[in-house]
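A.B. asks: Sequence first, then the predicted structure:
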Amino acid sequence: MKLAKMFVLVIVVAAMLGCVSGPDAKKRVADPEQAFAQHIKLAMKYIGVKNRDLARVHLEKAANFDSKATRSKLNNGYALLYQLEQETELAETYFRKAIANNKADSMARYNFAAFLYNQGRFKEALKQMQLVSEDLGYERRPQAFYILGLAQRKTGQMEEALESFEKATQLTPGFAPPFIEAAEIYFEQQKLPIAKRALDQYVFLAQPTPKSLWLAVRIEDYFGNLDGAASQGLKLKNLFPYSSENLEYQKWLKQ
């Protein structure tokens, strides 16, 4: 699940705010809400590029303008910083604080669910992400359904996982990761034509990965397309020689 993990670890960060200029600059900077938003935005940017020092600077500055209405965002920021620093206990504490501050803060809950997933706490992640997926206005709802599907798959809920992956692609048809996950489930269920269609859709949307190529090898082999299986296997060997999927492929060839 390397792709998934990579996927659930990505933080979508807004661009830096432009410099404040003009005659009203001092007034705008002095506005507590705007100042808080600016520093949180910059903190998220620096967390995204793993600059812990500048992220901490802006979180501390944001704290100077903190209010009850903004506290969940501040605690979410600190949780992400501690997660980056691998301070897992502190990260969890601050995620829980953020959610307690504002139970409707889907961003904090989404980040917490992704954190739980990466900790291998799939049932807890599922519960949190289910709540996020129910927020019709949350901009990352397709990704929420994707991670929900991953957690459902990890807990053996295959049909529910397929429903979540389908929902993710309905909301964002160009979102590739759910297709490869669904293709693997269909392959495991021996629903080979559906698995092939899901894999083809993934290939149309995304670059090849060790997972997609290894799955392609096995699907082509099941359909009796030996040349196709060999072609996909050669790509796997040449593009990803040190992947675990290539090791599996080499063992498979010897069987």
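C.D. replies: Here it is on my side, so go on. Residues are numbered from 1 along each chain as shown.

A.B. asks: Remind me which helix or strand Leu131 belongs to.
C.D. replies: Element membership for Leu131 (DSSP states H and E) is helix 122-133.

A.B. asks: oh sorry, the question was meant for Pro241
C.D. replies: Pro241 is located outside every helix and strand, with elements delineated by DSSP H and E.

A.B. asks: lowest-pLDDT helix or strand in this protein?
C.D. replies: In the chain, no helix or strand scores lower on mean pLDDT, DSSP states H and E than helix 2-9, which sits at a mean of 44.

A.B. asks: Give me the helices and strands touching the helix or strand containing Leu215, please.
C.D. replies: In the assignment (DSSP H and E), Leu215 maps to helix 210-222. Applying 3 or more CB pairs under 8 Å, 6 or more residues apart in numbering; DSSP states H and E, we find helix 210-222 packed against helix 177-188, helix 192-205, helix 226-239, helix 244-254. C-beta: built from backbone N, CA, C; applies to glycine.

A.B. asks: So Ser106 sits against Tyr138, correct?
C.D. replies: Yes: using CB atoms under 8 Å, Ser106 makes contact with Tyr138 at a distance of 4.2 Å.

A.B. asks: Quick check: neighbours shared by those two?
C.D. replies: Residues touching both Ser106 and Tyr138 (CB atoms under 8 Å, 6 or more residues apart in numbering): 132, 144.

A.B. asks: Which one's more surrounded, those two?
C.D. replies: A side-by-side neighbour count of Ser106 and Tyr138, using other CB atoms under 10 Å, places Ser106 first with 22 against 18.

A.B. asks: In contact with that one, which residues?
C.D. replies: Residues in contact with Ser106 (CB under 8 Å, 6+ apart) are 131-132, 135, 138, 140, 144.
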